[in-house]
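Peer 1: please find the sequence and the predicted model below.
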Amino acid sequence: MEIYYIDGRFVSADQAVIPVNDLALLRGFGVFDLMRTYGGRPYFLDAHIKRLMRSAEHIGLVLPWSHETLCRKVLETLERNTLTEANIRIVVTGGPSPDFSTPQGRPRLLILVNPAPELPDQWYRQGVKIISFRTQRFIPDAKSINYIPATIAMQQARECNAVEAVYVDREDRVLEGTTSNIFAVIADELVTPGEHILKGITRQEILDLCDDLVPVVLREIAFGELLTAREVFITGSNKGLVPVVQVDEHVIGNGRPGRLTQRLMARLKDHRRQFASEDTATADE
């Protein structure tokens, strides 16, 4: 059974609890971040911790832990488990509130690990279907624990045999997925939204990996542009880069993963393989 870090203590998963007066439960007040390991080590640990801290700042949640402390607690939690590869979820709750409403400045830190899932190989070979969902995330720069719209969107996606739902706002702009960022090849450029989104760690990794392959443009994407794009793909820490071959009932391109998408998948795979094989003492997060 996995070992979690819960508010200052390491406990087995079946003993992991927090009090019912925590604002995460009562008001949905809290933030989180998710990363996974390669070669048994957290991938982009530094970047994920920085994003967690920015998320907390965006919602006014003051953290009593330093960047270094958070990194150390993640590594300590991972060391207490024997997983080959793991997902690591860091949650900062709003903490206890006697009146069930007002933050008291005592947030709780939770670090949860579980085996990294094996995603279907056909996603990457054949591509996937996603759907559109009309909404816009509240405070998109913060990775908050408020996932009600995402939960509703993914219920609809599953009913449509889709693996993801992408948000489209009232101005008909494509924003991001419930747990992913989105890219499209439009007029020989790789386009991805630059504002009103949570800027993913894997999104930035792709931007760094493709700088010599194709011109990159950060701009709004109209929903109609997405449907007529030559290639589309989504990215996320857990899923990597996944080709999209269908949006709602519209087939993208020729219905198969495009050439640029395949090249970027290969680069990303190589980058992660290299990280997994690096010596711990010399690896740079």
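Peer 2: That came through fine.
Peer 1: so where's the protein uncertain?
Peer 2: Within the chain, the segments meeting pLDDT under 70 span 279-285.
Peer 1: longest helix of it?
Peer 2: Across the chain, the helix with the greatest residue count (assigned by DSSP state H) is helix 259-277.
Peer 1: buried ones in it, by neighbour count?
Peer 2: 260, 261, 262, 264, 265, 267, 268, 271, 272, 275 (16 or more other Cβ atoms under 10 Å). In short, each C-beta sits where N, CA and C put it, glycine included.
Peer 1: got the contact list for the fourth one?
Peer 2: Okay, so that is residue 264. With contacts defined as Cβ atoms under 8 Å, 6 or more residues apart in numbering, residue 264 is in contact with 206, 209, 210, 213, 233, 241.
Peer 1: most neighbours of all those, which one?
Peer 2: In terms of neighbour count, residue 233 stands highest of the contacts of residue 264 at 30 neighbours, by other Cβ atoms under 10 Å.
Peer 1: need the phi and psi values for that one.
Peer 2: phi -150, psi 160 (degrees, to the nearest 10).
Peer 1: for it, which residues make a bridge with it?
Peer 2: Listed beta-bridge partners, residue 233: residue 183, residue 243 (assigned using DSSP bridges).
Peer 1: separation between it and residue 167?
Peer 2: 16 Å (Cβ to Cβ, to the nearest Å).
Peer 1: please name every helix or strand in contact with whatever helix or strand residue 225 lives in.
Peer 2: Here residue 225 is covered by helix 223-227, with elements defined by DSSP states H and E. If contacts are counted by 3 or more Cβ pairs under 8 Å, 6 or more residues apart in numbering; DSSP states H and E, helix 223-227 sits against strand 173-177, strand 181-186.
Peer 1: among these, which comes closest to residue 72?
Peer 2: Smallest distance to residue 72 across these (Cβ to Cβ): 28.8 Å, for strand 181-186.
Peer 1: list the contacts of the helix or strand just after that closest one.
Peer 2: Once the chain leaves strand 181-186, the next helix or strand it forms, by DSSP H and E, is strand 189-192. Residues outside strand 189-192 that contact it (Cβ under 8 Å, 6+ apart): 181-185, 203, 207, 210, 213-219, 221, 225, 260.
Peer 1: one more pass at 7 Å, please.
Peer 2: Contact with strand 189-192 is made by 181-184, 203, 210, 214-219, 221, 260, as judged by Cβ atoms under 7 Å, 6 or more residues apart in numbering.
Peer 1: that strand: which residues count as buried?
Peer 2: In strand 189-192, the ones that count as buried by 16+ other Cβ under 10 Å are 190, 191, 192.
Peer 1: would you mind giving the residues you listed as JSON lines with distance to residue 25 added?
Peer 2: Putting these into JSON lines (distance: Cβ to Cβ, whole Å) gives the following:
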{"residue": "190", "distance to residue 25": "41"}
{"residue": "191", "distance to residue 25": "40"}
{"residue": "192", "distance to residue 25": "35"}
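Peer 1: which of the residues you listed sits closest to residue 229?
Peer 2: Distance to residue 229, by Cβ to Cβ, is smallest for residue 191 among the buried residues of strand 189-192, at 8.1 Å.
Peer 1: now do stretch 117-126: everything it contacts.
Peer 2: Contacts of stretch 117-126 (Cβ under 7 Å, 6+ apart): 163, 239, 242, 243, 265.
Peer 1: chain center to the helix or strand containing residue 37, what's the gap?
Peer 2: Using DSSP H and E, residue 37 maps to strand 30-38. Distance of strand 30-38 from its chain centroid, counting by Cα atoms, centre = their mean, to the nearest Å, is 7 Å.
Peer 1: and it, C-alpha only, in PDB?
Peer 2: Output of strand 30-38 as PDB, limited to C-alpha atoms (Å, rounded to 0.1, in the frame of the first residue of the first chain):
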ATOM      1  CA  GLY A  30      -7.000  24.900  -2.300                       C
ATOM      2  CA  VAL A  31      -4.500  24.300  -5.100                       C
ATOM      3  CA  PHE A  32      -2.600  21.300  -6.400                       C
ATOM      4  CA  ASP A  33      -0.100  20.100  -8.900                       C
ATOM      5  CA  LEU A  34       0.600  16.800 -10.600                       C
ATOM      6  CA  MET A  35       3.800  15.400 -11.900                       C
ATOM      7  CA  ARG A  36       5.200  11.900 -12.700                       C
ATOM      8  CA  THR A  37       8.500  10.200 -12.500                       C
ATOM      9  CA  TYR A  38      10.800   8.900 -15.200                       C
END
